[in-house]
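>>> Predicted model and sequence follow; I will ask about them next.
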Amino acid sequence: MTDTTQLEAKVLLLEHDAQQCKVLTDFCDSVGLMPLLRTSHDALACLEQHKDLAGVLLAEDLPCGNRDALHLAESIHRLRPELPIFLRRTASGDLDALYREFIRYPWSTGDVEQLRAGVERSIFSLRYPTALVEGIVDLTLTSMRSMFPNANVTAEPPYVVHDRIIHGEVSTIIPIESTWCRGYMMLQTEESALRQGMLKGFSYEGVGGELNFRDLNNMLGETTNLIWGAFKNRYIAPVGTATQLAQVPIVINHAHKYISFGSPDPQLCIRYSLSESGRRGGQPLVIVQRFIFNLHWSPEQFAEYAASSSSDAGELDLF
């Protein structure tokens, strides 16, 4: 087995009991969840605000005005069916068949280990090698700093998401094919923020002014190619891959900013902020990077490849 990193994940926490809030926030700290504590009244608004969630923790007896928590769970599922819902049971008896269709992870109050098992099985179902995650951030920062030499580029800590909501209006998708993984890398950003970044002179001298949407698309596309090239040189062996590999359809719904790669697995997500060098304040340009290993994922084979690269070169040069 290869060393894997403990990534964080954002979850919507809908809980009203003070004692249970303390239990659940302690639990979240212990497993790497970042809880967003909300009431039933602002739960759906939180879904609109946060497009990078990994799950929902919901109390069965949560006060919900003229309806109950199960109906709230149904509304959440209708809006974001990819998010696993963890229901803290307070009533006796089994859930109705209707609710069992979208509440896959009920757990009994007090049985935190039952909750832990559900979180590990769903939110953290994929583990990512530490060297790979750190290397991805390193090569992406290097690539972005090359494309935007006049900007201050920083990365937030990597985390995992289950949401399939696209950030912004401009996205790129590039396939990844190797012996140890198959899937895609995405970059996503807001068109207006990218245009403002160009007007501030983030990129090369002379890149700015009257940029149309095609120019902005090309800028993000070139950035994607540069990152992909660095990823390929560092992590993909120069061997041929078999033809006729299995594929799944990619579904994009532009009206809802939704994209699906045909897999329920979590995605590796990293947010990068580009700001004016030497200046504080102001809205940064945010570029969101996602890795979707939906066709093949084998961290053990990655470890074998890394070990082989180390023996060939005398040392493992990941950075």
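All right, it came through fine. Not measured: the values here are computed from a predicted model. Numbers count the residues shown, from 1 in each chain.
>>> Tell me the buried residues in stretch 224-234?
224, 226-228, 230-231, 234 (16 or more other CB atoms under 10 Å). Bear in mind the C-beta positions are built from the backbone N, C-alpha and C, glycine included.
>>> typed the wrong thing, it's stretch 266-273
Those would be 266-272, for stretch 266-273 by 16+ other CB under 10 Å.
>>> what's the answer for stretch 63-78, then?
Neighbour counts over stretch 63-78 (16+ other CB under 10 Å) mark 64, 69-70, 72-74, 76-77 as buried.
>>> Determine which two of the residues you listed are furthest apart.
The most widely separated members of the buried residues of stretch 63-78, counting by CB to CB, are Cys64 and His77 (14.8 Å).
>>> re the thing from before, list just the nearest of the buried residues of stretch 224-234 to Phe202.
Closest approach to Phe202 among these (CB to CB): Leu226, at 14.8 Å.
>>> Neighbouring strands of the longest strand seen in the chain in the sheet, and parallel or not?
Secondary structure of the chain read by DSSP state E shows that its longest strand is strand 285-297. In the sheet, strand 285-297 lines up against strand 181-189 (antiparallel), strand 267-276 (antiparallel) (DSSP bridges).
>>> Let me see the ranges of the helices in this protein.
Assigned by DSSP state H, the chain shows helices spanning 18-31, 43-49, 69-79, 97-100, 112-122, 130-147, 191-199, 213-235, 299-313.
>>> Could I get the ones you listed in JSON lines, plus columns for mean pLDDT and distance to Gln283?
Listed next are these as JSON lines, based on pLDDT from 0 to 100; distance: least, CB to CB, whole Å:
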{"stretch": "helix 18-31", "mean pLDDT": "96", "distance to Gln283": "29"}
{"stretch": "helix 43-49", "mean pLDDT": "94", "distance to Gln283": "16"}
{"stretch": "helix 69-79", "mean pLDDT": "95", "distance to Gln283": "27"}
{"stretch": "helix 97-100", "mean pLDDT": "89", "distance to Gln283": "41"}
{"stretch": "helix 112-122", "mean pLDDT": "95", "distance to Gln283": "34"}
{"stretch": "helix 130-147", "mean pLDDT": "96", "distance to Gln283": "17"}
{"stretch": "helix 191-199", "mean pLDDT": "91", "distance to Gln283": "7"}
{"stretch": "helix 213-235", "mean pLDDT": "92", "distance to Gln283": "17"}
{"stretch": "helix 299-313", "mean pLDDT": "77", "distance to Gln283": "37"}
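>>> Kind regards, and thank you for your time.
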